[in-house]
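A.B. asks: build me a model:
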Amino acid sequence: MDVTGVTPESAQAVGLPTLFLLVALGALVPVVPTGALVSSAAVVAFHQTLPFSLLFVFTTATVAAFLGDLALYWLGGRGVGSRNGSRWLSSLHRRVTNDRLEQARRRLDEHKVQVLVLSRLMPAGRIPVMLACLLSRMPLRRFARGDVPACLAWSAAYSLIGILGGSLFPEPWQGVAAAVVLTLLISATPTAWRRLRGTAGAPG
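C.D. replies: Sure, this is the predicted structure:
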């Protein structure tokens, strides 16, 4: 037992519910860096001696992301069929430019629900595709079937980033720092790329 009285079991008992709540909240309010949270939790789990720690992190993140997505889709769907719309649907519209929404619609027409997997893996790709699904009036059940593999792939990708960070550094905090930096860089890359393209395409 640790001299502080904190055992790996007690840390996990606190950490997993917290991870679940933050990832679910991040799915509803996309300002929480959920990818960095999952990667950090995977680093900590990698350094633990408890069996199945990484599996618990992966499962918790997957279920939380899935339930958060379903909740957001249901809330947004209430506004699609309403004459006055809804606060959640308006919030989704504000986060997506017309160009990105049109691109998401084209991908949805070409690849159907399979595009959900890619949208979850691409930084800032989830909301445009979800909005396109809502505006096409895709039933919640059909959206859920496509979102299951999307959340599995997302959770696996960020867990692997955490495992990589944990394997490269001897101390958990070092791995957490590396995982957070890497996930933030991944998240910022699409925005930086769009700005560079916009600058390059602007008239001189």
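A.B. asks: could you use CA atoms for every contact and neighbour count after this?
C.D. replies: Fine.
A.B. asks: now tell me which helix or strand of the protein has the poorest mean pLDDT.
C.D. replies: Ranked by mean pLDDT, DSSP states H and E, the weakest helix or strand in the chain is helix 172-201, scoring a mean of 63.
A.B. asks: pretty sure P149 contacts V115?
C.D. replies: No. Here P149 lies out of contact with V115, judged by Cα atoms under 8 Å, at a distance of 10.7 Å.
A.B. asks: more neighbours: these two, which one.
C.D. replies: V115 (21 against 18; other Cα atoms under 10 Å).
A.B. asks: phi and psi next, for V44.
C.D. replies: phi -60, psi -40 (degrees, to the nearest 10).
A.B. asks: that one: neighbour count?
C.D. replies: So V44, with other Cα under 10 Å, has 23 neighbours.
A.B. asks: any idea of the pLDDT on it?
C.D. replies: Looking at V44, its pLDDT is 86.
A.B. asks: distance of it from L67?
C.D. replies: 24 Å (Cα to Cα, to the nearest Å).
A.B. asks: before we move on, what about R106?
C.D. replies: 26 Å.
A.B. asks: repeat for R105
C.D. replies: R105 is 23 Å from L67, by Cα to Cα.
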